[in-house]
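1. Sequence and computational prediction follow.
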Amino acid sequence: MSTPVSACTSLAKIPTPNIRPVANFHPNIWGDQFINYTPEDKVTRACKEEQVEDLKKEVRRKLLAAALLALLNC
């Protein structure tokens, strides 16, 4: 008993994969900034934290001075 050739070929057909379109996205605006990131050392971080604290004090002082001046002028 032999199977017809046409029946064997239809069973053996492998479905062809769907071809997906290629996406051509615009370049990333960040580039490799985050890929090449190296964390800063402790000394640099401490210096920056000190600068932040100094700036906070300066802003606080200026806001209090402006508020006091506004109270005196009322």
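-> Ah, there it is.

2. Against which helices or strands is whichever strand or helix holds Lys57 packed?
-> Using DSSP states H and E, the element containing Lys57 is helix 42-73. Counting contacts by 3 or more CB pairs under 8 Å, 6 or more residues apart in numbering; DSSP states H and E, helix 42-73 packs against no other helix or strand. Where C-beta positions appear, they are placed from N, C-alpha and C, glycine not excepted.

3. Averaged pLDDT, it. What do you get?
-> Regarding helix 42-73, the rounded mean pLDDT is 96.

4. Tell me which residue is most central in this protein.
-> In the chain, the residue lying closest to the centroid (CA atoms, centre = their mean) is Phe34, at 7.6 Å.

5. List the buried residues in the helix holding Lys57.
-> By neighbour count with 16 or more other CB atoms under 10 Å, helix 42-73 contains no buried residues.

6. and it, how far out from the chain's middle?
-> Distance of helix 42-73 from its chain centroid, counting by CA atoms, centre = their mean, to the nearest Å, is 31 Å.

7. What pLDDT does the model give the residue nearest to the centre of the chain?
-> Taking Phe34 on its own, its pLDDT is 72.

8. What backbone torsions are found at it?
-> phi -90, psi -20 (degrees, to the nearest 10).

9. Identify the residues contacting Glu40.
-> Glu40 is in contact with Lys48, counting by CB atoms under 8 Å, 6 or more residues apart in numbering.

10. Okay, and it sits in which element?
-> Judged by DSSP H and E, Glu40 forms part of no helix or strand.

11. where's it relative to Lys48, distance?
-> Here Glu40 is placed at a distance of 8 Å from Lys48 (CB to CB, to the nearest Å).

12. now swap in Leu55 and tell me
-> On the measure of CB to CB, Leu55 and Lys48 end up 11 Å apart.

13. Next: Ala66.
-> 27 Å.

14. try Arg61
-> 20 Å.

15. what distance separates the start and the end of stretch 23-32?
-> Start-to-end span of stretch 23-32 (CA to CA, to the nearest Å) is 20 Å.

16. mind checking how far that stretch is from the chain centre?
-> Centre to centre, stretch against its chain (CA atoms, centre = their mean), the figure for stretch 23-32 is 12 Å.
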